[in-house]
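J.: Here is my input; please provide its structure:
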Amino acid sequence: NAQLNSRAPSNQSINRTHKKLSTKKKMKIQQLAITLLSAVTLCSTVSGFQPTLPLTRSRVGGVVQLRETKLAAKLKKKANLQTFQRFVEVECWKLPEVKDLAQTLLAVADACKQINRIVQRAATDDLYGAAVDEETGEQADVNVQGEVQQQLDVLCNTYMLRAFCGASNGAVCAVASEEEPTSRSCADVMGYDTDSTQVLKSGKFVATFDPLDGSKNIDSSLPVGTVFGIYRVKDGAEPGENESCLNSFLARGTEMVGAGYCLYSATTVLVLTLGSGTHGFTLDPDKAQFLKTHPNMRIPDVGPLYSFNEANSRDYSVPVQKFLDNMKEKGTMGGKKVSARYVGALLADVHNVLINGGIYGYPATTDVPNGKLRLLYESAPMAMIMEQAGGAGSTGTGRILDVLPPQPKKGDDIMEASKGIHVRVPTFLGSPENIYELEQFHIKYGDGPREDEV
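T.: Residues are numbered from 1 along each chain as shown. Sure, this is the predicted structure:
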């Protein structure tokens, strides 16, 4: 002890040392110490966290037995849920026509996780507002829809382009996005030299998507989503002027081999069909994996929900007006009280109808004679998902998947020929009996003028 005390610095020397340190240096040291302690505490907490299974005691024949509680059973159930990766691997093995899409679908799921993160951080990371051109510093131009592109739209579009083109192993040869005026070859997206690559000729599929549907809802913390469709390349199709397989995009929805959407809401849900049923996966925030929580989804044959923007009802055609009036007058459908539900985001409203039954509609109006929804990357993919879940998709006068987009004419330049990619159609999605009844009103009353114009 005497030796240790002799070697230890005296109080006077310690005081002199402290005086030499500036207040600024002291603060830096303190901040560094706090940061290190926080990191150590966090790491020990995370590494040491192991959820324990709650048990209950019971006495049987004088012997104490431990039984799992309901909570423990739920934790076990979660552990046994099939992952999205496993589902895709098995489905692509079962279905030869989509076996080359496994990597693409996994990449799309990863893109949805990234979009989910930036949507949640939009306010804190200042991702609101219009996009700015990186070169000029000025506000970006309006997109093909006549809307000013938002920062989130541009970011989400980039994620989806990279998912379909950068991770598809050449399965997807071209893409079409809501945010871009024309379709693009994957070689163009990835910056390859199109004269020396075989990417264009090797792909068997083309993909369409809306990277962030309902992006205006983010300011109000309402649901938004991503929707996509995958089409088979037409036999004998060759890259066009911009090497984007344009003819393969301008096809009926029956040519789709897969469709899906990801809804970013209270939970993040990925819904997918590959033509053999509709399945839902919920993002587990702990594992950062999509888990199969809604196997073989089925919409009720008839449902009480109707999801229309009734503020526009005076501009709807007579058949739609009378259909809605009739539904409200009935009071009940499918044994449940009729109820209006409208969020203003396609995926949120359709998902609600898919789960609970009913009808979603975006009809034609006097201002928008073909409706607002785009056929190739909104209406058709959602119609395929709905049909695979036992529902229906209609324009009011026929099946959505049977609609053929306008075909390019000889001599059209690429901009004119690409207009068919963004064609709009009146869209009704939901339970088969609700859709059937809507079509009967169209047969009876036709697509005449509004009642106040008769």
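J.: Number of residues surrounding Ile443?
T.: For Ile443, the tally of surrounding residues (other Cβ atoms under 10 Å) stands at 10. Quick note: C-beta positions are derived from backbone N, CA and C, even for glycine.
J.: again with Asp413
T.: Close neighbours of Asp413, defined as other Cβ under 10 Å, add up to 9.
J.: From Ala380, how far off is it?
T.: 25 Å (Cβ to Cβ, to the nearest Å).
J.: Equivalent analysis for Met297, please.
T.: In terms of Cβ to Cβ, Met297 sits 18 Å off from Ala380.
J.: So if I had to pick from those two, which one is more boxed in?
T.: Ala380 (31 against 19).
J.: Look at that one and give its secondary structure.
T.: The assignment at Ala380 comes out as helix when based on DSSP: H, G, I helix; E, B strand; the rest coil.
J.: Now do the contacts for it.
T.: 229, 253, 256, 259, 400-401, 403 (Cβ atoms under 8 Å, 6 or more residues apart in numbering).
J.: And for Thr273?
T.: Contacts of Thr273 were listed using Cβ under 8 Å, 6+ apart, and they are 258-260, 279, 384-385, 388-389.
J.: So which residues of the stretch 151-300 of the chain form strands?
T.: For the stretch 151-300 of the chain, applying DSSP state E, counting those that start in this stretch gives strands covering 172-177, 184-185, 205-213, 224-232, 256-264, 268-273, 278-284, 289-294.
J.: what ranges of this protein fall below the confidence cut-off?
T.: Where the chain drops to pLDDT under 70, the residues are 1-77, 129, 131-148, 193-202, 236-244, 447-454.
J.: neighbours around Gly391, how many?
T.: For Gly391, the count of nearby residues is 30 (other Cβ under 10 Å).
J.: again with the one 3 residues further on
T.: Using other Cβ under 10 Å, Ser394 is surrounded by 28 other residues.
J.: Likewise for Gly411?
T.: Neighbour tally, Gly411, other Cβ under 10 Å: 7.
J.: could you measure it against Asn247, distance?
T.: From Gly411 across to Asn247, the span is 15 Å (Cβ to Cβ).
J.: Then Ala340?
T.: Ala340 is 41 Å from Asn247, by Cβ to Cβ.
J.: now Ile218
T.: Distance of Ile218 to Asn247, given as Cβ to Cβ: 36 Å.
J.: Kindly report the same for Gly371.
T.: With distances taken as Cβ to Cβ, Gly371 is found 25 Å from Asn247.
J.: For the residue nearest to Gly331 when sequence neighbours are not counted, which residues are in contact?
T.: Leaving aside its chain neighbours, Gly331 sits nearest to Val338 (5.9 Å; criterion: Cβ to Cβ, 6 or more residues apart in numbering). Applying Cβ under 8 Å, 6+ apart, we find Val338 in contact with 304-306, 327-328, 330-332.
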